[in-house]
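Participant: Turn this into a structure:
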Amino acid sequence: MRKIYLFLAILAVAITACQKDGIPEEDQINSYVTSKNLTVTEKTASGLRYIVTKANPTGAALKAGQIINVNYAGTFLSGKSFDSGNFSFVLGAGRVVEGFDEGIAKMRVGEKAIIIFPSTLGYGPNDYNGIPGGSPLVFDIEVVSAR
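Facilitator: Okay, here's the model as predicted:
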């Protein structure tokens, strides 16, 4: 019986951690997409939304292990910016948050996209460097190069 109560307590904490003002992250993200009149190109099983804003069908496809250079701007669903710049990383090496790796892997060199993902693909329930725990994140991305 004790195990059931412990499980229910942990489940309640997990559900609460993924909500802002009692609104589940899924609903927060859906509301954001609707309010910005965005057309989601793909929604993955993990909850990531991928929105192509500038296609480049002739651009090189990205592969795990390549060094990818991107221009990016990160914001909260509120529109408040938390970071922007130019960044290089090894795709698929787990050196960036999961949502960044997953979303950028769908892109080609020269493409631009918006990726939106729940906190489970970002920083989870913990605060991190000015990003409150449980925050879904939005990234405007441009893939500059891959090598």
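Participant: C-alpha only now, for contacts and for neighbours.
Facilitator: OK.
Participant: can you pull the buried residues of the helix or strand harbouring residue 29?
Facilitator: For residue 29, the enclosing helix or strand under DSSP states H and E is helix 25-35. If you call a residue buried by 16 or more other CA atoms under 10 Å, then helix 25-35 has these buried ones: 25-26, 28-29, 32-33.
Participant: Residue ranges in this structure under the pLDDT threshold?
Facilitator: For the chain, the stretches flagged by pLDDT under 70 are 1-21.
Participant: That one: strands as residue ranges?
Facilitator: For the chain, the strands defined by DSSP state E cover 19-20, 23-24, 42-43, 49-54, 67-76, 81-90, 112-117, 137-146.
Participant: Which of those has the highest mean neighbour count?
Facilitator: Most buried of these by mean neighbour count (mean count of other CA atoms under 10 Å) is strand 112-117; its value is a mean of 25.
Participant: Closest to the centroid, which residue in this structure?
Facilitator: Nearest to the geometric centre of the chain sits residue 117, at 3.2 Å (CA atoms, centre = their mean).
Participant: Would you enumerate the residues in contact with that one?
Facilitator: Going by CA atoms under 8 Å, 6 or more residues apart in numbering, residue 117 touches 29, 47-49, 99, 136-138.
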